[in-house]
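> Structural data only, the sequence is not supplied:
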């Protein structure tokens, strides 16, 4: 049965009275079925017309929220993403008036409204870009979500179990998504600083797993972009193992950055893992195969082929650094081919490089070996006078993970 606007107002009032958070979220979601019913009933509504007719029919600010909800659904139906975003922004701002003085029962509605705000901002920016127009809706959305974060943080009156602080990590995840979308990643520091400065927030482990995974993913991403690879690997690993198994796309997103970090440690992914993620398999398998074979030319070819995609993902420098594992693998094969002799002429390493298509001089080959020793991939020294590499009799090629700084 179609819902009229009068019925919508009554249902909204009953939901607020009963403090039913999930139902409130459903009522104010533009994609809910009753949204289309209201669009059909009111045809071409204006905010002024609705205010003159329905203003004051329910306690403030809910009368204005209900009217703006109708305007949002109408703009969406008419494919006017920019106008829909503006109305949703005002709707959320009105909701903050109520949210800031109530307990956490309103959190499901807050989460839903902020999600819709972000989606509408994305649509509005895409529409503007397609029509060669300028739009900063996502940046505006980030500012609004940041206000929600502040409102969650300052709750000092609600009982612990009903505190708005239980929405902190969800909102943090959402605002970080917005910052990453508009490439204003530096603003994340302010949010994280405020979060870490508040000792009254419950431990992260007590929040829903989905909140934990999103927060850890973005924390790992920030560390990755700051080249703090140890911290990044730690957070992304926790995010991956806590991620729900059916959430395949989220697991793939995490592994996109976790796999290169694991490769830098010398831990190459199994075939079973790569088969589960065909997109990552296509991207990373050429590099992994080249590392296993010590094939530097194949590795360089993969870097050239995937350069644009790797630059888009901010992965090019990481995988370029992993090229050293290819060289280590090649030199280790030389060592194995000499029955693990501790004295190997530089010319043999030079020859191996030439065979793999790396056209370098003897002096350059010696530099390659010296770099491997300096980086900790090989243990030994070079007798420059005799053009001889003298390797350690024990553990001449240490495990990559055993290096003093495997991610450096």
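Received the coordinates, thanks. A quick note: this is a predicted structure, and the numbers were derived from the prediction, not measured.
> what's the nearest residue to residue 316 if we skip its chain neighbours?
The shortest distance from residue 316 to any non-neighbouring residue, by CB to CB, 6 or more residues apart in numbering, is to residue 310 (4.0 Å). Heads up, the C-betas are built off the backbone N, CA and C, glycines and all.
> from what I can see the one you found touches residue 304, true?
No: counting by CB atoms under 8 Å, residue 310 does not reach residue 304; the two are 10.3 Å apart.
> Those two: who's more crowded?
residue 310 (20 against 8; other CB atoms under 10 Å).
> Now do the contacts for the more buried one.
303, 316, 319 (CB atoms under 8 Å, 6 or more residues apart in numbering).
> give me that answer again for 10 Å
Counting by CB atoms under 10 Å, 6 or more residues apart in numbering, residue 310 makes contact with 260, 283, 287, 302, 303, 316, 317, 318, 319, 320.
> Okay, and it sits in which element?
helix 307-312 (DSSP states H and E).
> Beyond that helix, next helix or strand please.
According to DSSP H and E, the helix or strand after helix 307-312 is helix 316-321.
> Which strands and helices lie in contact with that following helix?
Packing partners of helix 316-321 (3 or more CB pairs under 10 Å, 6 or more residues apart in numbering; DSSP states H and E): helix 248-264, helix 278-293, helix 296-305, helix 307-312.
> Could you point out the helix or strand that follows the lowest-mean-pLDDT helix or strand in the chain?
Of all helical and strand segments in the chain, the minimum by mean pLDDT, DSSP states H and E falls on helix 47-54, at a mean of 85. As assigned by DSSP H and E, the chain's next helix or strand after helix 47-54 is helix 62-77.
> helices or strands next to that next one in the packing?
So helix 62-77, by 3+ CB pairs under 10 Å, 6+ apart, packs with helix 5-18, helix 21-27, helix 33-42, helix 47-54, helix 81-99, helix 107-130.
> Which residues belonging to the shortest one are considered buried?
For helix 21-27, burial by neighbour count (16 or more other CB atoms under 10 Å) applies to 21, 23, 24, 25, 26, 27.
> which outside residues touch it?
3, 8, 11-12, 14-16, 18, 20, 32-35, 65-66, 69, 95, 103-113, 115-116.
> Make a ChimeraX selection of the buried ones in the residues you listed.
Those of the contacts of helix 21-27 that count as buried under 16+ other CB under 10 Å are selected in ChimeraX with:
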select :3,8,11,12,15,16,20,32,34,35,65,66,69,95,103,104,105,106,107,108,109,110,111,112,113,115,116
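> quick one: contacts for the nearest residue to residue 284 once chain neighbours are set aside?
Leaving out its chain neighbours, the residue that sits closest to residue 284 by CB to CB, 6+ apart is residue 259, at 5.8 Å. Contact analysis of residue 259 by CB under 10 Å, 6+ apart lists 236, 267-269, 273-274, 277, 280, 283-284, 287-288, 315, 318-319.
> tell me the pLDDT at residue 259?
Residue 259 is assigned a predicted lDDT (pLDDT) of 97.
> Now the phi/psi pair for residue 265, please.
phi -80, psi -10 (degrees, to the nearest 10).
> Quick check: which ranges of the protein have low pLDDT?
406-408 (pLDDT under 70).
> residue contacts, the nearest residue to residue 283 once chain neighbours are set aside?
Excluding its sequence neighbours, the residue lying closest to residue 283 (CB to CB, 6+ apart) is residue 306, at 6.2 Å. Contact analysis of residue 306 by CB under 10 Å, 6+ apart lists 282, 283, 284, 286, 287, 312, 313, 315, 316, 319.
> Please spell out the ChimeraX selection for the buried subset of those.
Per 16+ other CB under 10 Å, the buried members of the contacts of residue 306 correspond to this ChimeraX selection:
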select :283,284,286,287,315,316,319
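> Can you add distance to residue 357 and give the contacts of residue 306 back as JSON lines?
Output for these, formatted as JSON lines (distance: CB to CB, whole Å):
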{"residue": "282", "distance to residue 357": "23"}
{"residue": "283", "distance to residue 357": "23"}
{"residue": "284", "distance to residue 357": "22"}
{"residue": "286", "distance to residue 357": "15"}
{"residue": "287", "distance to residue 357": "16"}
{"residue": "312", "distance to residue 357": "28"}
{"residue": "313", "distance to residue 357": "27"}
{"residue": "315", "distance to residue 357": "24"}
{"residue": "316", "distance to residue 357": "21"}
{"residue": "319", "distance to residue 357": "19"}
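> for the contacts of residue 306, which one is nearest residue 403?
residue 319 (18.1 Å; CB to CB).
> so that closest one touches residue 284, yeah?
Yes: look at residue 319 against residue 284 with CB atoms under 10 Å: they come within range, at 8.5 Å.
> any residues in contact with both of the two?
259, 260, 263, 302, 306.
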